[in-house]
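Asks: all I have is the shape, not the residue letters:
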């Protein structure tokens, strides 16, 4: 039962990573650096909160969250694909913009710069089970959240999209050999646009999950998860299956950190280092050289 | 980086020029002028909002002329302290520990102004810190938590392991042990002050270990603790710093409160009346600045006898017959 509780907690922590990393794989395989995952997540979290607050329905919130992510991603695509701006610079700027814009609208909508009021989320199972504390109930209530199921499906979906569809073939072509893609009549810009929009939608689902689980938006609530997801993409060598393993690893490390604090054997500062330490060790030793998509960050005329 | 710095300094100067213009004509020796520097926005419903409403109270109760500026970098702290000093403000607040180095450098240059830093032990001829005896109401909260808990397991959840958080947790634990020496106490830290999701997971882990009362001191991240308690039946939370009883009335047992407006008013009165002696403002139970506030929406939860004992210990804090050992307060929490 302890193992089960541990795995359920790791799963809950992994969901935002899985969504964002799925978006990251899609975006980067098309040759656009996914530095803005964090910003898309945050935008998604905020718009999901707005939607859920004004409609009273978590599903409407989810739709708004994705719409917010698409909007943020289209800004990104406009700058990097249409106007060929430097992708790293745009990525950094877009992240800062997301933090500032969500705070600004938070204040405008709810007169607070720290958090929104309570909104509805996907908690119908918790209501049915009466909030039981048993691990079985906690497992079921975690799985009953549609976003957890979607999250588990996000990387397999991207894998199928990339490897099993004509669109995926084009994405890979555009990310590896854009010149060759152009020569066979593929519109590079259009493919990249779609990939960036898809990434924005996926990442915003991760953000929506955070906000709806919390039943409110809090300022900068994604807390760097987009960057961890990006690390998972690189760590997983841009292969959906390996990226999923990387996300799981980060989530397990974080769960381990939480559980170890409870034992109170090691000072908290050391325990908090575990996920990051693991990242560095994994990146330096286990993976070896990761090979990025050949045209990543390269502009195409 | 040059341009933003220049711009922010310019904006600060401009703001000062705007607020200061009218007072130039007024006789600086008769007008009591008070300025406040906050490290964040005053709409945060918490730390900075508390300071700002303190400033407003100083204006309304003491007829002071007030000015506020939001600052971010240490360079801005110093710049603005200097500006206010030059303009002859009588009292200048820096709202937080982080302002103390800037005050130490600037205050000696403007001996006619008094600089006050919140949450600091600083003291000098024209500058001082305010120390909140947060551990006194935290001790009371611990006693109450112990009397309410069914499992005898109590969780403490903080943002990062800062000395004031530590001191509050130690006092809380001593309060718990006074009532139930055999109780188990779990301590964890989120690692930051704004990741509500991570705080929620920490709280769920404590609940899984049997905790049914959680004392949180994690600012915005603490909102995640309320959410965790909502999802599990029979778990209550004690809030920190501001009155959080209204934030989650269904799960909050009470709050350990620092009444910032009252603290600001208390300090401003001392300065205005010329009673400032150059020592730290110690604001404890007697000042009514710190206290434990039970959640009115959760009546009858605390056993009557336990409430009576807690009240009598509080009275002992107020009249000074009971002290917490300051060495105790700095002792390791995680034991």
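Replies: On my side now, so go ahead. Owing to the predicted nature of the structure, the values given are computational and were not obtained by experimental measurement. Numbers count the residues shown, from 1 in each chain, chains lettered A, B, ... in the order given.
Asks: so, low pLDDT: which residues of chain A?
Replies: A:1, A:124-139, A:285-289, A:301 (pLDDT under 70).
Asks: which parts of it are helices?
Replies: A:2-29, A:37-55, A:58-77, A:87-110, A:124-129, A:135-143, A:146-164, A:166-176, A:178-183, A:188-214, A:225-235, A:240-263, A:268-281 (DSSP state H).
Asks: which secondary structure element of chain B has the lowest mean pLDDT?
Replies: Lowest on mean pLDDT, DSSP states H and E among the helices and strands of chain B sits helix B:2-25, with a mean of 46.
Asks: so what are the sheet partners of whichever helix or strand comes after that helix and their directions?
Replies: Per DSSP states H and E, the first helix or strand lying C-terminal to helix B:2-25 is strand B:33-38. The strands beside strand B:33-38 in its sheet (DSSP bridges) come out as strand B:65-70 (parallel), strand B:91-94 (parallel).
Asks: residues in contact with strand B:33-38?
Replies: B:23, B:48, B:51-52, B:54-55, B:58-59, B:64-71, B:77, B:80-81, B:84, B:87-96, B:99, B:268 (Cβ atoms under 8 Å, 6 or more residues apart in numbering or on different chains). C-beta here means a position set from N, CA and C on the backbone, and glycine is covered the same way.
Asks: would you turn the helices of chain A into CSV with distance to chain B?
Replies: Listed next are the helices of chain A as CSV, based on distance: least, Cβ to the nearest Cβ, whole Å:
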stretch, distance to chain B
helix A:2-29, 6
helix A:37-55, 10
helix A:58-77, 14
helix A:87-110, 6
helix A:124-129, 6
helix A:135-143, 8
helix A:146-164, 13
helix A:166-176, 31
helix A:178-183, 36
helix A:188-214, 5
helix A:225-235, 8
helix A:240-263, 4
helix A:268-281, 4
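Asks: how about the strands in chain B?
Replies: B:33-38, B:65-70, B:91-94, B:114-118, B:123-124, B:127-132, B:153-158, B:184-189, B:213-217, B:236-241, B:252-258, B:281-283, B:290-294 (DSSP state E).
Asks: so how far is the fifth one from its chain's centroid?
Replies: Put plainly, it is strand B:123-124. 20 Å (Cα atoms, centre = their mean, to the nearest Å).
Asks: so how far does stretch B:93-101 reach from one end to the other?
Replies: 13 Å (Cα to Cα, to the nearest Å).
Asks: what are the buried residues along it?
Replies: The neighbour-count check on stretch B:93-101 (16 or more other Cβ atoms under 10 Å in any protein chain shown) flags B:93-100 as buried.
Asks: ditto for stretch B:112-124
Replies: B:113-120, B:122.
Asks: just flag the most distant two among those.
Replies: B:113 and B:119 (20.2 Å; Cβ to Cβ).
Asks: mind putting the helices of chain A into JSON lines with mean neighbour count?
Replies: Putting those into JSON lines (neighbours: other Cβ atoms under 10 Å in any protein chain shown) gives the following:
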{"stretch": "helix A:2-29", "mean neighbour count": "25"}
{"stretch": "helix A:37-55", "mean neighbour count": "29"}
{"stretch": "helix A:58-77", "mean neighbour count": "23"}
{"stretch": "helix A:87-110", "mean neighbour count": "17"}
{"stretch": "helix A:124-129", "mean neighbour count": "14"}
{"stretch": "helix A:135-143", "mean neighbour count": "18"}
{"stretch": "helix A:146-164", "mean neighbour count": "18"}
{"stretch": "helix A:166-176", "mean neighbour count": "20"}
{"stretch": "helix A:178-183", "mean neighbour count": "15"}
{"stretch": "helix A:188-214", "mean neighbour count": "27"}
{"stretch": "helix A:225-235", "mean neighbour count": "25"}
{"stretch": "helix A:240-263", "mean neighbour count": "21"}
{"stretch": "helix A:268-281", "mean neighbour count": "16"}
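Asks: rewinding a little: got CSV for the strands paired with strand B:33-38, with mean pLDDT too?
Replies: Below are the strands paired with strand B:33-38 laid out as CSV (pLDDT from 0 to 100):
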stretch, mean pLDDT
strand B:65-70, 94
strand B:91-94, 96
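Asks: most tightly surrounded among those?
Replies: Mean neighbour count (mean count of other Cβ atoms under 10 Å in any protein chain shown) peaks for strand B:91-94 among the strands paired with strand B:33-38, with a mean of 28.
Asks: for residue B:296, which of the helices of chain A is the nearest?
Replies: Per Cβ to Cβ, nearest to residue B:296 of these: helix A:87-110, 24.2 Å.
Asks: show me how far that closest one is from its chain's centre.
Replies: The answer for helix A:87-110 is 16 Å, by Cα atoms, centre = their mean.
Asks: which secondary structure elements does it contact?
Replies: helix A:37-55, helix A:58-77 (3 or more Cβ pairs under 8 Å, 6 or more residues apart in numbering or on different chains; DSSP states H and E).
Asks: the last one versus helix A:37-55: what angle between them?
Replies: Calculated by axes from the mean of the first three to the mean of the last three Cα atoms, to 10 degrees, helix A:58-77 forms an angle of 140 degrees with helix A:37-55.
Asks: in the sheet, who's paired with residue B:130?
Replies: Here residue B:130, judged by DSSP bridges, has bridge partners residue B:118, residue B:281.
Asks: who's in contact with it?
Replies: Taking Cβ under 8 Å, 6+ apart, one finds B:116-120, B:263, B:267, B:280-281, B:283 in contact with residue B:130.
Asks: again with residue B:100
Replies: By Cβ under 8 Å, 6+ apart, the neighbours of residue B:100 are B:94, B:117, B:120, B:122, B:129.
Asks: go with 7 Å
Replies: B:117, B:120, B:122, B:129 (Cβ atoms under 7 Å, 6 or more residues apart in numbering or on different chains).
Asks: for it, give me the pLDDT.
Replies: Looking at residue B:100, its pLDDT reads 92.
Asks: distance of it relative to residue B:214?
Replies: Using Cβ to Cβ, to the nearest Å, residue B:100 is found at 31 Å from residue B:214.
Asks: need the residues of the stretch 1-150 of chain B near chain A, please.
Replies: Contact residues (Cβ under 7 Å from any Cβ of the partner chain) of the stretch 1-150 of chain B with chain A: B:41, B:43-46.
Asks: take those residues and lay them out in JSON lines including pLDDT.
Replies: Converted to JSON lines, the residues of the stretch 1-150 of chain B next to chain A look like this (pLDDT from 0 to 100):
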{"residue": "B:41", "pLDDT": "83"}
{"residue": "B:43", "pLDDT": "79"}
{"residue": "B:44", "pLDDT": "77"}
{"residue": "B:45", "pLDDT": "75"}
{"residue": "B:46", "pLDDT": "80"}
